[in-house]
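J.: Structure for the following, please:
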Amino acid sequence: MALYSWLIDNKEALEIIYALAISIICAVIVIKTNKFFKLSLHQGIRYFRNAFLFYGIAFAIRYFLGAFVDMSGLYYTTTKMAFEYFIIMAGFFLLYSLIWKKFEKPREDYTSSLFNIKTAIFHLMAIVIVVLDNLWQTYFFMFSSQIIIFIYTAVISYLNYKNNGKQHKFLKFYFISMLLGFSAWLLNLLVALYLEWDKNILIDIGILNIIFFLLFLYGVIKVIKIK
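T.: Got it, this is the predicted structure:
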C-alpha cells in the first residue's frame, strides 16, 4: 500500500511519464508496422498501424498535453472530447484490422486508410459517442463501446490463434493483449460507476495499459525480425 500512496502523491509527474511512455511505444509500433506495410501491402497491417497512431495521439492529448495546458472550462472539455474521439477510433481500427476482409474486396485499395467510405462509419460513431458522453458528463458510452469492441476482438483473435497460432506467433500476443484491454476497460467502467474513481484501482488500470502496449511492441518487433 505504501507504493500506491507514493504513486498517488506523485500523480502529476507520473501521468506525464505514463503518457510519454505509451506515446513512444505507439510511435515505434507505427513506424515499424508502416515499413512492414510498405513491403507487404497487407491492408490489415495498415489498419493496425492506424490504431496505434490514434492511441498515441489520444494519450499525448489526455495526459501529456493536459499537464501543460490550463485544464479548465473550454480547454478541459475540448481535451476530454479529443481524447475520447482518438481512443474510440483506435479501438475501431484495432477491430477493423481483424475483419477488413469481410468488407473490402481483394483489389479494393483506398488512397487513405484513415478516412474512406468504409472507415467513415467509425468516425461518425466515434463522434456520436463523444457527443453523448459530453452531454451527459460521463464516460459511460466510451467505456461501453470499448468493452464491446474488445469482446469482439478477443473472440476473433482467439479463433485466429487457435487456427493459425503455430504458423503465426504474433497471434498469441494479440489474443493476450485483447484480454488485457478488455480487463482494463471493464475495470474503468466499474471504477466510474461503483467505486468512485478509486485511485488504487486506477493505478492497476494504468499498469494493465502499459503491459497491453508493451506486448504489442514486443510482438511487432519479433514478427518483423522474423520477416
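J.: so Val155 is in which element?
T.: Per DSSP states H and E: Val155 is located in helix 140-164.
J.: my guess is Val220 meets Cys26, correct?
T.: No: if you go by Cβ atoms under 8 Å, Val220 and Cys26 don't touch, sitting 10.8 Å apart. (Each C-beta comes from the backbone N, C-alpha and C, glycine too.)
J.: Verify the stated contact: Phe48 with Ser97.
T.: Yes: between Phe48 and Ser97 there is a contact at 4.0 Å, judged by Cβ under 8 Å.
J.: Among those two, which residue is more densely surrounded?
T.: Phe48 (25 against 22; other Cβ atoms under 10 Å).
J.: wait, what's in contact with that one?
T.: Phe48 makes contact with Thr33, Phe93, Leu94, Ser97, according to Cβ atoms under 8 Å, 6 or more residues apart in numbering.
J.: From those, which land in helices?
T.: Thr33, Phe93, Leu94, Ser97 (DSSP state H).
J.: What is the burial count for the third one?
T.: By other Cβ under 10 Å, 27 other residues sit near Leu94.
J.: for the second one, same thing?
T.: By other Cβ under 10 Å, 24 other residues sit near Phe93.
J.: Would you quantify the distance from it to Arg49?
T.: Distance check for Phe93 against Arg49: by Cβ to Cβ, to the nearest Å, it reads 8 Å.
J.: And the third one, by the same measure?
T.: As for Leu94, its distance to Arg49 is 11 Å (criterion: Cβ to Cβ).
J.: List the contacts of the residue nearest to Met178 when sequence neighbours are not counted.
T.: Nearest non-adjacent residue to Met178, counting by Cβ to Cβ, 6 or more residues apart in numbering: Ala154, 4.1 Å away. Neighbour list for Ala154: Phe175, Met178, Leu179, Phe182 [criterion: Cβ under 8 Å, 6+ apart].
J.: Which single one of the residues you listed is nearest to Ser112?
T.: Checking the contacts of Ala154 against Ser112 with Cβ to Cβ, the nearest one is Met178 at 26.3 Å.
J.: List the contacts of the helix or strand harbouring the closest one.
T.: Under the criterion of DSSP H and E, Met178 resides in helix 170-193. Helix 170-193 is contacted by residues 138-140, 143-144, 146-147, 150-151, 153-154, 157-158, 160-161, 164-165, 197-198, 201-202, 204-205, 208-209, 211-212, 215-216, 218-220, 222-223 when judged by Cβ under 8 Å, 6+ apart.
J.: nearest residue to Thr153 other than its sequence neighbours?
T.: Distance criterion Cβ to Cβ, 6+ apart; nearest residue to Thr153, sequence neighbours excluded, is Met178 at 4.8 Å.
J.: can you count the residues close to the one you found?
T.: When neighbours are defined as other Cβ under 10 Å, Met178 has 26 of them.
J.: cool, Gly91 as well?
T.: Using other Cβ under 10 Å: Gly91 sits among 26 other residues.
J.: Please apply the same query to Asn116.
T.: 13.
J.: which ones are touching it?
T.: Contacts of Asn116 by Cβ under 8 Å, 6+ apart are Tyr110.
J.: for it, helix, strand, or coil?
T.: Following DSSP: H, G, I helix; E, B strand; the rest coil, Asn116 is assigned to coil.
J.: per-residue pLDDT, it?
T.: On pLDDT, Asn116 comes in at 89.
J.: distance of it from Phe36?
T.: As judged by Cβ to Cβ, Asn116 and Phe36 stand 21 Å apart.
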